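sequence first, predicted model second:
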Amino acid sequence: LNREIPKRLSRSGEASVAATKVSGRQYLKFTLLNPDTTRDDIAAVVELIPPHGQALVKAHHLAVSTPAHA
């Protein structure tokens, strides 16, 4: 999911979110270049992520694993 969500967000024109791999796991990351970015701006982008992930799961019948602390 974390490899595909940034692609979907970019194609839709909604946001630009990057991905990175740490210890073999794929994560989403933000790189903030605009000093006027607010917490509300970031929250708005974060809210865009779950619907894209849910659509991918539904479309591909993917099993989703979540960390124990999630």
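Perfect, I can see it now.

can you show me the CA trace of stretch 33-40 as CSV?
What follows is stretch 33-40, C-alpha atoms only, in CSV (Å, rounded to 0.1, in the frame of the first residue of the first chain):
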residue,chain,number,x,y,z
LEU,A,33,9.5,22.9,1.5
ASN,A,34,7.0,25.7,2.1
PRO,A,35,7.7,27.6,5.4
ASP,A,36,4.0,28.6,5.5
THR,A,37,2.8,25.0,5.7
THR,A,38,0.5,24.6,8.7
ARG,A,39,-0.6,21.7,10.9
ASP,A,40,-3.9,21.9,9.2
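
tell me the mean pLDDT for it?
Per-residue pLDDT values across stretch 33-40 average out to 95.

buried residues in that stretch, which are they?
For stretch 33-40, burial by neighbour count (16 or more other CB atoms under 10 Å) applies to no residue. C-beta coordinates here come from the backbone N, C-alpha and C atoms, glycine included.

so which helix or strand takes in the residue nearest to residue 4 when sequence neighbours are not counted?
Distances taken as CB to CB, 6 or more residues apart in numbering place residue 56 nearest to residue 4, at 5.5 Å, with adjacent residues excluded. Assigned by DSSP states H and E, residue 56 falls within helix 39-60.

buried residues of that helix, list them for me.
45, 49, 52-53, 56.

pLDDT and distance to residue 34 added to those, as TSV?
Shown next, in TSV, are those (pLDDT from 0 to 100; distance: CB to CB, whole Å):
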residue	pLDDT	distance to residue 34
45	95	12
49	96	19
52	93	22
53	92	25
56	91	28
